[in-house]
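[1] Kindly generate the corresponding structure for this input.
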Amino acid sequence: MTSCRACADATLPLLAEALAADDLDRALTLGLLAYESEENAAICAECRARVSIVNAARDERLRALAARERYRAREVRLAARAEARSRKRSASTTLPSAAAPSLPPAAAAALARAKARVAAKPQPE
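    This next block holds a predicted model:
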C-alpha cells in the first residue's frame, strides 16, 4: 500500500470495513455522516475505492434522512389542516340559542292565546 493522504486517515478503512459488513450502525457511530473526503488523483487506487464507497453510503443516508424530515413536516402540515377543518366545521354547525329565529309579535300573541285556551279546557278523564 502506497502512502497517500487517505491512507493516513484511520477512519476511512474502518468506515469502509463497516459498510462492507453491512453494519450501518457501526458506520454511523464511526462518523459516516460527518465524514468529509476529497476524491482526487493524489490518493491511491485502494483508498479511492474506499472513499467512493463511503461517500456513496453517506450521500444515500443523508438523502434518506432528508426524506424522513420531509415526511414528518408533511404529517405536521396535514394534521394542522385537519385540525383547522375540524374547527371550521364545528363552528359552522353549532348555532347559539340566541340566534334562533323568534316569532313575529302577532304570531307570538296568537300562540299564547291558543295555549291559554287549551289550558282553560277541562281535561277529559
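
[2] could you pull out the helices for the chain?
    Remark: helices assigned in the chain by DSSP state H are 5-8, 11-20, 24-30, 45-93, 105-120.

[3] for those, which one sits closest to residue 36?
    Of all the helices of the chain, it is helix 45-93 that lies closest to residue 36, at 9.1 Å by Cβ to Cβ. Quick note: C-beta positions are derived from backbone N, CA and C, even for glycine.

[4] so that closest one versus helix 11-20, what angle?
    60 degrees (axes from the mean of the first three to the mean of the last three Cα atoms, to 10 degrees).

[5] re the thing from before, can you tell me which of the helices of the chain is most buried?
    Comparing the helices of the chain by mean neighbour count (mean count of other Cβ atoms under 10 Å), helix 11-20 ranks first with a mean of 18.

[6] who touches that one?
    6, 24, 26-27, 30-32, 35, 37, 47, 50-51, 53-54, 57 (Cβ atoms under 8 Å, 6 or more residues apart in numbering).

[7] what stretches of the chain score poorly on pLDDT?
    1-2, 38-41, 93-101, 125 (pLDDT under 70).

[8] and the residue most central in space within it, how far is that from residue 11?
    The chain has residue 72 as the residue nearest its centroid, 2.1 Å off, counting by Cα atoms, centre = their mean. From residue 72 across to residue 11, the span is 30 Å (Cβ to Cβ, to the nearest Å).

[9] re the thing from before, ok, the residue nearest to the centre of the chain to residue 14 distance?
    Taken as Cβ to Cβ, the span from residue 72 to residue 14 is 31 Å.

[10] do residue 67 as well
    Separation of residue 67 from residue 14 (Cβ to Cβ): 27 Å.

[11] Quickly note the distance from the residue nearest to the centre of the chain to residue 25.
    With Cβ to Cβ as the criterion, residue 72 and residue 25 are 21 Å apart.

[12] ok, and the closest non-adjacent residue to residue 31?
    Leaving out its chain neighbours, the residue that sits closest to residue 31 by Cβ to Cβ, 6 or more residues apart in numbering is residue 11, at 6.3 Å.
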